[in-house]
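Trainee: My questions are about this predicted structure, shown below with the sequence.
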Amino acid sequence: MSNGDIFVGEVIGTAILILFGAGVCAAVTLRHSKARASGWVVIAFGWGFGVLAGAYTAAPLSGGHLNPAVTIGIAVDTGKWGKVWVYLLGQIVGAVLGAVLAYLVYMAQFQANVRTTDATGGTAGEPVPTLGVFSTIPEIRNPVANLITEVIATVALVLPVLAFGLTKGLGESGITVLIVSLLVVGIGLSLGGPTGYAINPARDLGPRIVHTFLPIPNKGTSDWGYAWIPVVGPLIGGALAGLVYNAAF
């Protein structure tokens, strides 16, 4: 794979991933969305389908990593680091692009994110915080616990991804991407409760950058004090998964 193919593939694939993922979060979160309040199960499946669409699209060009933790895990296992920077750059650019596209889809709903009044002048609705549409927010803010959660959840993603390569026929049939998508759904349902399961530094950092600069009324904080956890935790988890896979398999 050339550097150009890798970059383009990761940009397109990650943009699709974030478009679906941030899109489902917007659909469930924002007022005036037909899917509002449809719940965590919908969000988990929305992210899983984002992985499905993005990875299948990117696979012919880049292999469809879409996640720096996956890229780091593969590099730790194989010892091949030469193209890691191309993957990571493409993933960050794609995540930014996907977040912008999700904003454009729900632009009217974001613009309606204001305090409204009813006919008698009373408050009918408070502004909806918007960071959760783009990036993760812990339910209980405990840096140590939050970091551990992200590390474990990312190992639970990357180690199976690496192991799927040992199953004869999965790669040739193309079913690996489908299985990884279901794995992401499972992680969201089982391990996503504490932190919102970033398990992907690009998935959290790129959209957080976009949230910082978008002209969203009453958007609230971008919470940069927490932002290092969904970056560092998945990177540690990806590296640990690569080490475990290399040692055990």
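Mentor: Sure, I can see it.
Trainee: Report the buried residues of the longest helix belonging to the chain.
Mentor: Secondary structure of the chain per DSSP state H: the longest helix is helix 3-29. Judged by neighbour count (16 or more other Cβ atoms under 10 Å), helix 3-29 contains these buried residues: 5-29. C-beta here means a position set from N, CA and C on the backbone, and glycine is covered the same way.
Trainee: what separates the closest residue to residue 60 other than its chain neighbours from residue 15, distance-wise?
Mentor: Once flanking residues are discounted, residue 60 sits nearest to residue 9: 7.4 Å by Cβ to Cβ, 6 or more residues apart in numbering. As judged by Cβ to Cβ, to the nearest Å, residue 9 and residue 15 stand 11 Å apart.
Trainee: Any stretches of this structure with poor pLDDT?
Mentor: The model of the chain has pLDDT under 70 over residues 115-125, 166-173.
Trainee: show me where it has strands.
Mentor: 116-117, 123-125 (DSSP state E).
Trainee: who's in contact with the residue positioned nearest the centre of the chain?
Mentor: Centroid check for the chain by Cα atoms, centre = their mean gives residue 203 as the closest residue, at 3.5 Å. Each residue near residue 203 by Cβ atoms under 8 Å, 6 or more residues apart in numbering is listed here: 14, 17, 18, 21, 67, 95, 230.
Trainee: Nearest to residue 191 among those?
Mentor: residue 230 (13.4 Å; Cβ to Cβ).
Trainee: Could you pull up the residues touching that closest one?
Mentor: Neighbour list for residue 230: 135, 136, 150, 195, 198, 201, 203, 204, 205 [criterion: Cβ under 8 Å, 6+ apart].
Trainee: please redo it, this time with the cut-off set to 10 Å
Mentor: 135-138, 146-147, 149-150, 154, 195-201, 203-205, 208 (Cβ atoms under 10 Å, 6 or more residues apart in numbering).
Trainee: One more: residue 225?
Mentor: 141, 143.
Trainee: ok, it to residue 137 distance?
Mentor: Distance from residue 225 to residue 137, by Cβ to Cβ: 11 Å.
Trainee: again, but for residue 203
Mentor: 14 Å.
Trainee: okay but the residue nearest to residue 60 is in contact with residue 65, surely?
Mentor: Yes. The criterion here is Cβ atoms under 10 Å, and residue 9 meets it with residue 65 at 8.9 Å.
Trainee: what sits in contact with each of these two?
Mentor: 55, 58, 59, 87, 90.
Trainee: Turn those residues into CSV, columns for distance to residue 158 and neighbour count.
Mentor: Listed next are the shared contacts of residue 9 and residue 65 as CSV, based on distance: Cβ to Cβ, whole Å; neighbours: other Cβ atoms under 10 Å:
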residue, distance to residue 158, neighbour count
55, 14, 27
58, 17, 29
59, 17, 18
87, 14, 28
90, 18, 29
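Trainee: Distance to residue 102 for those residues - can I get that in a markdown table?
Mentor: Below are these laid out as a markdown table (distance: Cβ to Cβ, whole Å):
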| residue | distance to residue 102 |
| --- | --- |
| 55 | 18 |
| 58 | 18 |
| 59 | 22 |
| 87 | 22 |
| 90 | 18 |
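Trainee: From these, which land in helices?
Mentor: Counted as lying in helices by DSSP H, out of the shared contacts of residue 9 and residue 65, are 55, 58, 59, 87, 90.
Trainee: thinking again about what came up before, now for the residue nearest to residue 60: which residues touch it?
Mentor: With Cβ under 10 Å, 6+ apart, residue 9 has these contacts: 1, 54-55, 57-66, 86-87, 90, 94.
Trainee: Done for today, thanks.
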